[in-house]
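Quick one, fold the following:
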Amino acid sequence: MNYQILLKIVPYFKYKFLDIDKIVNESKLSRSIILEALNPLIEERYITVSGGTLCFREGSIIMASILALKFGASLEEVCKVVSWQDFENFVEKILIEYGYRTFRSFRLKGPKLEVDILALKADFALVIDCKQWRRPLSSSALNSIVIKQVERAKIILSKEKVLLQNMFLIPIIVTLYPSPIKFVNGVPIVPVEMFKSFVSEVDGRLSEFLKVYFKDNKIFTII
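Purely as a prediction, here's the structure:
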């Protein structure tokens, strides 16, 4: 596949429904080339074709960007057509699908901090940052990012005692670019293409993850 063709088509994904002829006329690509580029997404049901109309499902933009990366696109090229909002929307929709109560761009005023998504379920919550790194990170850089995420989780738990009463928090980093590193000090590093399967398994894998919890008026972490 020529990933450049796919990335040329991706901006049209913002429409829920769109005639193929519109893409043909504006992109100057043939109908057969367009359908060939979209075929992997059609097979996975992220895009459906009815007559001459395309229907784009939630997450189709992110899955197209992942496909482009697999076929050789640089992250810089992908980020020109995929926004951080697309990324976070996709992650949040999966969390909602699995029964989480979500808070986007969760903020505290004192001390001032923000995490991309706070997701609550039963007796625990996920503290998620979505990262669109433009190059693979060194282990030391990744370790620094994880330390900061754990510290944010500790502060959120100490400040939001009513919202998070009797809950423990699990810090998570979700990446657009696949990372060979799966955990850093018990914190999951999850490629977005694997996020749905990760969320479906979280309840049965809690013992694997670093957890931030409150006990005797103190904040602790444990794996």
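
where do the strands sit along this structure?
Per DSSP state E, the chain has strands spanning 17-19, 47-50, 53-56, 101-109, 112-121, 124-131, 168-175, 183-184, 187-191, 211-215, 218-222. These are given in chain order.

list the buried ones in the second one?
Across strand 47-50, burial judged by 16 or more other CB atoms under 10 Å covers Ile47. Glycine gets a C-beta too; all of them are placed from N, C-alpha and C.

Might you report the residue contacts of the residue nearest to Ser158 when sequence neighbours are not counted?
The spatial neighbour of Ser158 that comes closest, neighbours along the chain excluded (CB to CB, 6 or more residues apart in numbering), is Ile219 at 5.8 Å. With contacts taken as CB atoms under 8 Å, 6 or more residues apart in numbering, Ile219 has the following neighbours: 154, 157-158, 212-213.

filter the residues you listed to the buried ones?
Among the contacts of Ile219, the ones that count as buried (16+ other CB under 10 Å) are 154, 157, 212-213.

Farthest-apart pair in the contacts of Ile219, please.
Distance extremes for the contacts of Ile219: the farthest pair is Ser158 and Tyr213 at 11.1 Å, using CB to CB.

residue ranges with poor pLDDT in this protein?
Across the chain, residues meeting the criterion (pLDDT under 70) sit at 1, 134-136.

Quick check: can you list the domain ranges of it?
If the domains of the chain are taken from automatic domain parsing, they occupy 3-79, 84-222, with pieces of a single domain joined by a plus sign.

just the helices in the protein please.
Here the chain has its helices, by DSSP state H, at 3-9, 20-27, 31-43, 60-70, 75-79, 84-97, 139-159, 195-201.

Could you list the buried residues of the second one?
Judged by neighbour count (16+ other CB under 10 Å), helix 20-27 contains these buried residues: 20, 23-24.

helices and strands around it, which ones?
Helices and strands touching helix 20-27, by 3 or more CB pairs under 8 Å, 6 or more residues apart in numbering; DSSP states H and E, are helix 3-9, helix 31-43, strand 53-56.

Of the ones you listed, which is nearest Val202?
Of all the helices and strands packed on helix 20-27, the one in closest proximity to Val202, counting by CB to CB, is helix 31-43 (26.3 Å).

Distance from the closest one to the middle of the chain?
Distance of helix 31-43 from its chain centroid, counting by CA atoms, centre = their mean, to the nearest Å, is 24 Å.

start at 35 instead
Let's use 35 as the start, then, which means that last one is helix 65-77.

Which strands and helices lie in contact with it?
Using 3+ CB pairs under 8 Å, 6+ apart as the contact definition, the elements that helix 65-77 packs against are helix 37-43, helix 54-61, strand 81-84, helix 94-104.

Give the buried residues for that helix.
Going by neighbour count (16+ other CB under 10 Å), the buried part of helix 65-77 is 68, 71-72, 74-75.

Tell me who's in contact with Phe254.
Phe254 sits next to 246-248 when contact means CB under 8 Å, 6+ apart.

What residues are bridge-paired with it?
In this structure, Phe254 has the following beta-bridge partners (DSSP bridges): Tyr247.

Pretty sure Gly86 sits against Lys56.
No. Look at Gly86 against Lys56 with CB atoms under 8 Å: they stay out of range, at 9.6 Å.
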